[in-house]
Every structure is written in structure tokens, then in C-alpha cells.
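>>> okay, sequence plus prediction incoming.
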Amino acid sequence: MRMHAIIDTHCHLDFAVFDDDRNAVLDACNNNHVTDIVVPAVKQDAWPKTIQLCAAHAQLHLALGLHPIFIDAHQPQHLVALDDEITQLNRTQQKVVAVGEIGLDYYLKHLDQEKQKVFFTKQLIIANQHHLPVIIHNRKAHDDCINIINDIGGSGGIIHNFNGSIQHAHKYIELGFKLGFGGMLTFERSRVIRNLAKQIPLESIVLETDAPDLTVERHKGKRNSPEYLPEVLSALATVKQMSLVDVANITSANARQALNF
Ligand SMILES: [Zn+2]
């Protein structure tokens with residue numbers, strides 16, 4: 001397969017599961033022309049590691065936020081810290097490309113939905129104050145998510161691992177968002193996701209792996225890795241019946257447009 005420069009817009013390379021072989025993974029990414037990787041932080045006590053990691057590698061790009069899955073751990077003072085941290089980083093060489101990962105998760109029933117809405121809303125406001133886009137995690141909460149974004153406004157960003165309806169997709173696109181597609185596309189049986197990718201204009205799609213979660217078909221059951229992004233590219237090119245080079249170029253341009261690269 002001929003390779004083309006591609007961007008993984010969502011990868012948790014800071015997670016401990018990569019501690020033993022992170023440099024080898026980054027080398028494999030270089031060999032596979034995965035030139036840029038966005039690493040969204042998930043909770044306040046994990047930020048220092050994510051910040052350090054992104055500062056150490058030019059191909060890694062930092063997003064900073066409080067993930068809804070860890071809602072129990074988040075405290076109001078973490079929102080103040082988020083604002084402060086972005087202000088601090090803006091004074092250094094290191095760029096924050098987005099506020100994220102933020103959002104709503106109603107799939108996991110034990111998570112406090114009211115608290116999630118408060119943290120999501122407040123992080124959207126912080127993103128706006130810093131003129132930053134957002135990286136959004138959403139499961140089973142698209143209507144609330146769209147209503148909140150509608151109320152707060154902002155400069156768009158990425159709906160990561162998009163899994164809503166085509167109507168939701170059009171709403172997000174109207175609100176200035178790109179939609180992230182990953183390893184699910186490589187599964188023959190993922191008809192719904194493949195159909196969505198077919199219907200959504202390529203100008204609104206970005207590639208992602210969501211590693212270490214949600215792997216591609218060929219590596220099913222194992223740790224996902226950003227080095228597998230070419231397989232997502234290939235699956236999307238098949239769905240779109242377009243060349244690899246066109247899909248690579250367009251999705252990479254989309255990622256740069258959506259985020260503060
Ligand atoms: Zn994530």
C-alpha cells in the first residue's frame with residue numbers, strides 16, 4: 001500500500017498501557033506516515049504527564065480537558081485549573097490544540113448526568129474564552145449535547161468516534177464540527193458506521209484511532225495503536241470509492257482546520 005501523511009485526531013498515548021513501548025509505537029507511526037497525533041487529556045491529576053509527553057515529541061499535539069467518564073473525580077476547582085493551565089501554556093512554546101476530551105456519556109448509567117452537563121457547559125465556555133475548538137466524547141446524549149452547544153456557541157471542533165444519526169451529523173456540521181471515524185470502519189459488519197461515513201461529506205470527516213481502545217479488525221482483541229491509522233484510511237477510501245491520497249489529503253486538511261494546529 002502506498003503511504004500518505006495522515007493525522008490521528010484522537011489517541012490516548014499518555015495512558016500507562018503505552019509506558020513500556022511508547023517510543024517504538026511512535027517509530028512505527030513515523031514509518032506508517034502518521035505524522036501528527038492529537039492526545040486529549042482526561043483528568044486533572046493526569047494532565048502533567050500528558051503535557052510533558054506532548055512537549056517531548058513534535059508529532060504529538062496536546063488537548064486539555066475533563067472527560068465525562070471520570071465525572072466523579074472532577075471538582076469545581078479543576079475548571080479553574082483548566083483555565084489557568086491553558087493561560088500558562090499559551091505563554092510557552094507549547095500549543096493547546098483544543099479543550100478536550102469533554103462531553104456527555106449517558107451510556108454508562110452510573111455517571112451523574114447533571115454534573116456532566118455542568119462540566120461540559122463550563123468547559124465549552126472556557127474553550128470560547130481561549131478561542132479554542134473542543135474535542136467531544138458523546139454516547140447516547142446527542143440531543144443534550146447539540147442543545148448545549150447551541151446555547152453556548154463556539155468555534156466547533158471534533159465529535160470523536162461519531163455514532164449518532166445522519167440528522168445529528170448534519171446538526172454538528174452546521175455548528176462547525178468535523179466528525180471522527182476510526183477502527184469501526186474496518187469491520188465488515190459495521191454497516192451503520194460505514195453507511196454514515198458514506199453519507200457524510202468527506203470535507204466533514206477526520207480520522208482517529210482512539211487507541212488504546214476500539215481497535216481495527218486485523219488486530220481485534222489486542223491493544224489499539226495509532227500506527228494502525230492507515231487501515232482506517234484504507235477503509236474510508238473504500239467506503240468513499242476514492243483514492244487513498246485524496247482521502248489522506250482531505251482528512252488531514254480537515255483536522256488542521258478543526259483544531260488549533
Ligand atoms: Zn478518548
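That came in fine, so what should we check first? Numbers count the residues shown, from 1 in each chain.
>>> how near is Met184 to Asn249?
23 Å (C-beta to C-beta, to the nearest Å). Where C-beta positions appear, they are placed from N, C-alpha and C, glycine not excepted.
>>> and the two? Which one has more around it.
Neighbour totals were compared for Met184 and Asn249, and Met184 leads with 23 against 14 (other C-beta atoms under 10 Å).
>>> how about the contacts made by that one?
Asn161, Ser190, Ile193, Leu214 (C-beta atoms under 8 Å, 6 or more residues apart in numbering).
>>> so where's the protein shaky on pLDDT?
1-3 (pLDDT under 70).
>>> how about the strands in it?
6-8, 34-40, 60-64, 96-105, 134-139, 157-159, 177-181, 205-207 (DSSP state E).
>>> out of these, deepest packed?
Of all the strands of the chain, strand 157-159 has the most neighbours on average by mean count of other C-beta atoms under 10 Å, namely a mean of 30.
>>> from the chain's centroid, how far away is that strand?
On the basis of C-alpha atoms, centre = their mean, to the nearest Å, strand 157-159 sits 7 Å off its chain's mean C-alpha point.
>>> counting by contacts, list what it packs against.
strand 96-105, strand 134-139, strand 177-181, helix 244-258 (3 or more C-beta pairs under 8 Å, 6 or more residues apart in numbering; DSSP states H and E).
>>> and with 6 Å instead?
strand 134-139, strand 177-181 (3 or more C-beta pairs under 6 Å, 6 or more residues apart in numbering; DSSP states H and E).
>>> hmm, back to that, Cys54 is nearest to which of the strands of the chain?
Smallest distance to Cys54 across the strands of the chain (C-beta to C-beta): 3.9 Å, for strand 60-64.
>>> and that closest one with helix 244-258, angle?
Between strand 60-64 and helix 244-258, the angle comes out at 40 degrees (axes from the mean of the first three to the mean of the last three C-alpha atoms, to 10 degrees).
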